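> Okay, here's the prediction I keep looking at, along with the sequence it came from:
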Amino acid sequence: MDFTASPNSTSTATVNVVKAKLGWRMRSIGLPFSQNNGWSLDYLLSERKNLCYNGPMSISLDEVRHVARLARLELDEAEILALQGELNVLLGHFADIRGLNVAGFTPTSHAVAEQNIFADDETIPALTTLQVLQNAPKSKAGLFVVPTIIED
């Protein structure tokens, strides 16, 4: 699905689907749908912003703190700074992937062909009761003897 909102081509159906998906995502991380610190869907659509972010990505310290709070992580400032750097490196990798030329490749949902591998349904002879009980530490009258775990 195309999540871009260009000035002349945003159908009502697309807007409704995007509102439903984005609203759920905003609510799932604890942000109100209608007012999200200036990033509400109404703002994005009214300003005809591109819903697919294409600029250089970086994460601010406040965003790292916010994600840490959502994940219930207690991080000191040194850990927040280190995590910010690691996340920015990770986002840089996504920017590298976005720059790849994938024209001519068929979109796939899995890297290898998905197929079931069935084993032959063959019966094998089972062990006899005597053979099984020979491996038990204790047995009595053809049954396993185990330690008592519930006392009267």
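It's in.

> Next one: the closest residue to residue 59 other than its chain neighbours from residue 79, what distance?
Using Cβ to Cβ, 6 or more residues apart in numbering and skipping residues adjacent in sequence, the residue nearest residue 59 is residue 87, 4.8 Å away. The way it works is simple: take the backbone N, C-alpha and C, and place the C-beta from them, glycine included. From residue 87 across to residue 79, the span is 12 Å (Cβ to Cβ, to the nearest Å).

> Between the two, point out the one with more neighbours.
Neighbour count, other Cβ atoms under 10 Å: between residue 87 and residue 79, residue 87 has more, with 16 against 13.

> any low-confidence regions in the chain?
1-57 (pLDDT under 70).

> same thing but 80
1-57, 107-114, 152 (pLDDT under 80).

> returning to what we had before: where does the residue nearest to residue 59 fall, helix, sheet strand or coil?
What DSSP: H, G, I helix; E, B strand; the rest coil gives for residue 87 is helix.

> and the next element down the chain from the helix or strand where residue 131 lies?
Using DSSP states H and E, residue 131 sits in helix 129-134. For helix 129-134, the following helix or strand on the C-terminal side (DSSP H and E) is strand 139-140.

> Is there a neighbour count for residue 64? I'd like the number.
22.

> Quick check: it touching residue 85?
No - applying Cβ atoms under 8 Å, one finds residue 64 not in contact with residue 85, separated by 9.8 Å.

> And this protein, what are its domain boundaries?
The chain breaks down into these domains under automatic domain parsing: 1-52, 55-103.

> which residues does residue 96 contact?
Taking Cβ atoms under 8 Å, 6 or more residues apart in numbering, we find residue 96 in contact with no residue.
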